[in-house]
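Participant: sequence first, then the predicted structure:
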Amino acid sequence: MKYIFCFLLLSSQWLLGQNDTILSFDEYIGYVKEFHPLAKQAQLKIEQGKAEVRKARGAFDPKLESAYQEKDFKKIDYYDILDIKLKIPTWFGIDLTAGFEKNSGQFLNRERNVPDEGLFNAGATVDVFGLWINKRITTLKKAKIVREQRGFEYQLLLNEVIFDAANAYFTWKNAYDNRQLYENFTETAKIRFNGVKSSVSAGDKAPIDSIEAKIAVQNRLIAFKQAEIDYMKARLDMETYLWTEDEVPLQTQDQVVPENTLRTSTNNVFQLPSSNIQLQQFIDNHPKLALLDRKSRSLTIERRLKVRELLPKFKVKYNFISPDADDFERYNTDEFKAGFTFSYPLFLRKERAALKLNSLKQESIGFETQATTLQINNKLNALVNNVRIYKEQLQLIEDAVVNYQTLLKAEERKFGVGESSLFLINSREQKLIDAQLKQNSVTFKLNATKAKLFNSLGVN
């Protein structure tokens, strides 16, 4: 809400005719991270991870079951059967159970005979070969890994949104600087044209000079109009990343302009590695590699279950029974229900194939990790070098701009004393314009490369 309040306040200032208002890069990225729909969509990854764990924990929820059957035919009470059970799964392969039976009827199966007040039972079912690893334990452990995976996916998605938004801002900034550049030189050309026209009227200059000065104005205006078109397009692209808390797109006013100190802001927003050691730490902790690691861990947990499935399925069940659930003294170890189930596939083709597939998946992830590590390493090193080169190139072009400005001023002084011509001034000025456009272009490339490096690091 604080951002919305700021925008409303700024709008009121603009209506009162205030000066241009700067939309800083920090504030802009803050808007994107907090309110952009894709950023909110990325946040859903975290919620999905939590839901996966909650779903897996459901396998350990107590379960209450009840069944009732009754048959009456030709006024004969065949049977009346009530069976209530409570099952409590535990972390190990043990299910605690409790139940109550109350049965009656003339044709009741003899094994269902219970006292008139009913029969209580309590005991456990033990999966002998699944005490330490079973399907529900495996599912929960894998769900916790999935939750971590969703966190890394969130990082990558949000990072991608920030990267696209940053490029839109840099393009807007570049278009704004180019427009301002042509606007300033257009005004300079107009002033020069008016001066030359006055000199022609006074007889100090030849009429051809006014034509050349007018052509310079026209060329500057043509370039300025094109720069204005580019600026409007860039501003509209930038606005696609501005949203309110209520998911309403924001539109900036004409007075909103990008900041001048963008180099400092990008350093604040993009925490880039400052040494090879720090760069290696970023590579080691990269979300893409972390995702592959979590996939490998999940397969390792799954493999333990596959190995356990090579063993027989052997479950033992034992229940105490008593007609009175409150009187523990009446429980008799000689009164019980017990049994076991045993099964074992003779060929184990399904189980052995599942284990083999697991091994192949692990091997595939190993190859993918090697390739991804090399790819990330090469890409990051290349981008780090590009940032360094663009910084050096920017320093050179900035020095060149200063030199071109010096030459232009000198040529203008010579023109003032009649030792130069408009052609030479326009030529010097065009060189300066080209140099400043190149400066703007290199600045854009430097900022875009910083954003790409930040994006390739996978952090936010």
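Facilitator: In hand now; what should we look at?
Participant: all helices for the chain, in order.
Facilitator: Using DSSP state H, the helices of the chain run over 2-15, 25-35, 37-57, 135-202, 207-239, 262-269, 276-284, 287-308, 349-416, 422-457.
Participant: tell me which other helices or strands the biggest strand by length in the chain touches.
Facilitator: When the chain is parsed with DSSP state E, its longest strand is strand 76-89. The contact analysis (3 or more Cβ pairs under 8 Å, 6 or more residues apart in numbering; DSSP states H and E) places strand 76-89 against strand 63-73, strand 94-104. Where C-beta positions appear, they are placed from N, C-alpha and C, glycine not excepted.
Participant: quick check: angle from it to strand 94-104?
Facilitator: Using axes from the mean of the first three to the mean of the last three Cα atoms, to 10 degrees, the inter-axis angle of strand 76-89 relative to strand 94-104 is 170 degrees.
Participant: list the buried residues for strand 76-89?
Facilitator: Neighbour counts using 16 or more other Cβ atoms under 10 Å place 79, 81-82, 84, 89 of strand 76-89 among the buried residues.
Participant: cool, stretch 423-441 as well?
Facilitator: Neighbour count says stretch 423-441 has 424-426, 428-433, 435-440 buried, by 16+ other Cβ under 10 Å.
Participant: gap between Leu140 and Ser274?
Facilitator: From Leu140 over to Ser274 the distance is 41 Å, taken as Cβ to Cβ, to the nearest Å.
Participant: quick one: which of these two has more around it?
Facilitator: Neighbours around Leu140 and Ser274, counted as other Cβ atoms under 10 Å, are more numerous at Leu140. The numbers are 19 against 8.
Participant: show me what contacts the closest residue to that one other than its chain neighbours?
Facilitator: Of all residues beyond its chain neighbours, the one nearest Leu140 is Ala56 (4.2 Å), with distances taken as Cβ to Cβ, 6 or more residues apart in numbering. Contacts for Ala56 (Cβ atoms under 8 Å, 6 or more residues apart in numbering) come out as 136, 139-140, 142-144.
Participant: hmm, 10 Å instead?
Facilitator: Ala56 makes contact with 136-144, 146-147 under the criterion Cβ atoms under 10 Å, 6 or more residues apart in numbering.
Participant: would you reformat those residues as JSON lines and include distance to Asn174 and pLDDT?
Facilitator: Conversion of those to JSON lines gives the following (distance: Cβ to Cβ, whole Å; pLDDT from 0 to 100):
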{"residue": "Arg136", "distance to Asn174": "57", "pLDDT": "91"}
{"residue": "Ile137", "distance to Asn174": "56", "pLDDT": "92"}
{"residue": "Thr138", "distance to Asn174": "53", "pLDDT": "93"}
{"residue": "Thr139", "distance to Asn174": "52", "pLDDT": "93"}
{"residue": "Leu140", "distance to Asn174": "51", "pLDDT": "93"}
{"residue": "Lys141", "distance to Asn174": "50", "pLDDT": "94"}
{"residue": "Lys142", "distance to Asn174": "47", "pLDDT": "95"}
{"residue": "Ala143", "distance to Asn174": "46", "pLDDT": "95"}
{"residue": "Lys144", "distance to Asn174": "46", "pLDDT": "95"}
{"residue": "Val146", "distance to Asn174": "42", "pLDDT": "95"}
{"residue": "Arg147", "distance to Asn174": "41", "pLDDT": "95"}
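Participant: perfect, that will be all.
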